[in-house]
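Peer 1: Sequence and predicted structure below; questions after.
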Amino acid sequence: RDRSPSRGLGDVYKRQLLSWIVEIYNGLFTSTSVLKTFTTYDELFSKIMKDSRFTNIVAVVTTVGVSVMILYFLIDMADKASSKNINYEYFIKTFIKLALAYMLITNSMTIIQYMVSAGSALAKELSAAEGGNSFFADPAKVSMLKKGLKKVGIIDSVGYLLKILISYLVVMVSNISVMFIAISRIVELSVRAMFAPVGVADLFGDGNHAAGIRYLKKIFALALQFALAVIITDCVALLIQWKVGPDAVKAISDLKAATGNSFSKKETIAFLDAITGSGKFGSTWLTCLGLTVTKIGLLFKSMSIANDVAGV
């Protein structure tokens, strides 16, 4: 059995190439990376909400929130009294607002958890509806491609290496951007959740324009950002697939349906052509990278879009 250094180096090269291909495919054609990153930090947010240090701070803030609520109530009553506009109907509405504000203050953590869970569930449903992340979700396909790469000589694969390397770096920048957005979102959610008992205390404004309602809408927008990030990623993935071409999409679909324990050399090259936009599928490589950079910009704008959706 050949145990030469060149053979070992070739195996390392193939394994590294395979890991790059998996990242490129997931980054260009699916929302897998976005879903995984946001889900990880949503789970961390749930743990933070249960941490004793967090709950102790929330208990103190809740006491302050109730005090602020009473202050807003008295100010509103005094304002109406000075304008001589107090009547029975006003008293009923004001005390209903007082009761609603107290309910929101004492249950703010539960409401926020439900909002975040709803945003996560929506994002997962959208990603599942995409259905494009099943290729590398199957370990058998990963093994088949790994064996197929061994059939492509190093000389033949040099032409793909540069494109794959640059594509990998762009996808890594995209993944780092997603991580930054996900971390920023969770930090903001944690801070807003901590001060929610004070933020929702003022419900004595004009209906939906009350400060407490706007505060809840902002938290709802942060919960929706996860789903919007998935939608943005899926839309760009569809653009990339159709820019590369229907034939490339069919090539990937054919490999999903392939059987056996290894892809042939022809099937492996067809897959490499499909994800790099080269060979018989045309020179669309730079366009795919440009669309990926566009996706990064849109992901950074996802919070402003979420604010518009939530009506903030």
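Peer 2: Yep, it's here.
Peer 1: Name the nearest residue to Ser108, sequence neighbours excluded.
Peer 2: Ala196 (4.0 Å; C-beta to C-beta, 6 or more residues apart in numbering). No exception for glycine: its C-beta is placed from N, CA and C like everyone else's.
Peer 1: hang on, isn't the one you found packed against Ile112?
Peer 2: Yes. Between Ala196 and Ile112 there is a contact at 6.3 Å, judged by C-beta atoms under 8 Å.
Peer 1: When the two are compared, which one has more neighbours?
Peer 2: Ala196 (25 against 22; other C-beta atoms under 10 Å).
Peer 1: how much space between the more buried one and Ala78?
Peer 2: From Ala196 over to Ala78 the distance is 26 Å, taken as C-beta to C-beta, to the nearest Å.
Peer 1: got it, and Asp202?
Peer 2: Per C-beta to C-beta, Asp202 is found 15 Å from Ala78.
Peer 1: Can you pick out the residue with more neighbours from those two?
Peer 2: Taking neighbours as other C-beta under 10 Å, Asp202 and Ala78 compare with Asp202 leading, 23 against 10.
Peer 1: and the residue nearest to the more buried one when sequence neighbours are not counted, how many residues sit next to it?
Peer 2: Leaving out its chain neighbours, the residue that sits closest to Asp202 by C-beta to C-beta, 6+ apart is Ala211, at 4.1 Å. Residues near Ala211, counting by other C-beta under 10 Å, number 14.
Peer 1: give the contact list for Ala211.
Peer 2: Contact analysis of Ala211 by C-beta atoms under 8 Å, 6 or more residues apart in numbering lists Gly199, Asp202, Gly205.
Peer 1: How about the secondary structure of the second one?
Peer 2: Just to be clear, that refers to Asp202. Using DSSP: H, G, I helix; E, B strand; the rest coil, the structure places Asp202 in coil.
Peer 1: Over to the last one?
Peer 2: Classification of Gly205 using three-state DSSP returns coil.
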